[in-house]
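Asker: pasting the sequence and the predicted model now:
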Amino acid sequence: MREASRLAQVPPHTLRFWENKFGELKPSRRDGGHRRYSRADLELILDIKDLLHRKKMTVAGARRALIDRRRGKTGFDAPLTAQTPGDNSQAKLLREVRKELKAILDEMGR
């Protein structure tokens, strides 16, 4: 847990709290009860931290966002629609950013 805490830059008690609130965060336990976080667990921890700290979501909101992401309702493949005619330039910019991000992910092998 100490290493995961250091990597995520959050205290260990925060990781334990997130384990209780986010069902998908389930580190394996070693002899003696020590937690062992997998790479997927660490990625999830960083996603949770981003939602809670940077995007200022509540725990319930972050949980909903993760569920929606898992179900495919959000993310890079979500359809992009403009609300009003004036929003076309913003929608075009977002499509370009999405395209660039996909290219970066493809280069990284994800």
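Answerer: Yep, that arrived.
Asker: okay, now R16: neighbour count?
Answerer: For R16, the neighbour count with other Cβ atoms under 10 Å is 12. To be clear about C-beta, it is placed using only N, CA and C from the backbone, and glycine gets the same treatment.
Asker: got the contact list for it?
Answerer: M1 (Cβ atoms under 8 Å, 6 or more residues apart in numbering).
Asker: now do 10 Å
Answerer: 1, 5, 35 (Cβ atoms under 10 Å, 6 or more residues apart in numbering).
Asker: got a pLDDT number for the residue nearest to the spatial centre of the chain?
Answerer: By Cα atoms, centre = their mean, the mean C-alpha position of the chain lies nearest to D47, the distance being 2.6 Å. pLDDT, D47: 94.
Asker: that one reaches A62, doesn't it?
Answerer: Yes: shown here, D47 and A62 form a contact pair, counting by Cβ atoms under 10 Å, at 8.5 Å.
Asker: so what sits against both of these two?
Answerer: By Cβ under 10 Å, 6+ apart, the residues touching both D47 and A62 are F22.
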